[in-house]
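Engineer: Sharing a model that was predicted from the sequence below.
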Amino acid sequence: MTVDIVAPGWHLAGSPVAQPHGADEELVWRFMQELTTNDAEKLGTWFSDDAMYQNMPLPPAHGREAVTGMLAGLFTVMRIEKVETFHICSRDGLVLTEREDLLTAIPTGKSVALPILGVVSVRDGLITGWRDYFDLRAFEEAVEMSLRG
Ligand SMILES: O[C@@H]1CCC[C@H]1O
């Protein structure tokens with residue numbers, strides 16, 4: 001069965017919030033596309049030295065090295081196949097993304113289009129914080145793999 005991202009009924013396709021506006025949103029929009037490189041070292045360069053990253057159902061990473069390491073760890077068990085950012089908006093450097101990430105678990109080969117609310121803080125062209133909110137149980141049941149060890 002092929003899994004893909006399908007635009008949800010609540011997608012405001014023609015709305016200004018469906019496209020990035022301003023440098024911070026442009027940066028986050030491009031970063032979300034860059035995720036599909038699954039290249040932790042390359043993605044790590046987008047972060048400030050003092051950055052944090054957390055998939056909210058799991059522990060956080062603090063500092064660019066730890067963020068890069070967390071991404072590298074994720075990419076040993078999953079591939080980010082596609083990212084669709086349906087809505088993006090921001091104020092004062094805090095960017096909200098309403099997305100679906102198409103994720104494949106490497107051990108099982110199972111994929112899921114996971115709805116995610118991503119909160120990204122940007123300062124001087126670098127990401128200082130990235131927090132993704134999603135249903136971990138929905139992910140684990142769909143791909144038949146636990147992220148909790
Ligand atoms: O797509 C990324 C990796 C796992 C969930 C989200 O943060």
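Structural biologist: Noted; the coordinates are in hand.

Engineer: what residues does this protein put near the ligand?
Structural biologist: By CB under 6 Å from any ligand atom, the residues of the chain that approach the ligand are 35, 55, 74, 80, 101, 103, 116, 132. For every residue, glycine as well, the C-beta is placed using N, CA and C.

Engineer: Among those, which are located in strands?
Structural biologist: For those, membership in strands holds for 55, 80, 101, 103, 116, 132, with DSSP state E as the criterion.

Engineer: Touching, the third one and Leu35? I think so.
Structural biologist: Yes. With contact defined as CB atoms under 8 Å, Asp101 reaches Leu35; the gap is 7.2 Å.

Engineer: shared neighbours of these two, anything?
Structural biologist: When contacts are counted by CB atoms under 8 Å, 6 or more residues apart in numbering, the set common to Asp101 and Leu35 consists of 80, 83.

Engineer: Neighbour count: the two, which is higher?
Structural biologist: It is Asp101, of Asp101 and Leu35, that has more neighbours when counted by other CB atoms under 10 Å, with 24 against 18.

Engineer: ok, for Asn38, nearest residue in space, not its chain neighbours?
Structural biologist: Closest residue to Asn38 apart from its sequence neighbours, by CB to CB, 6 or more residues apart in numbering: Phe75 at 4.9 Å.
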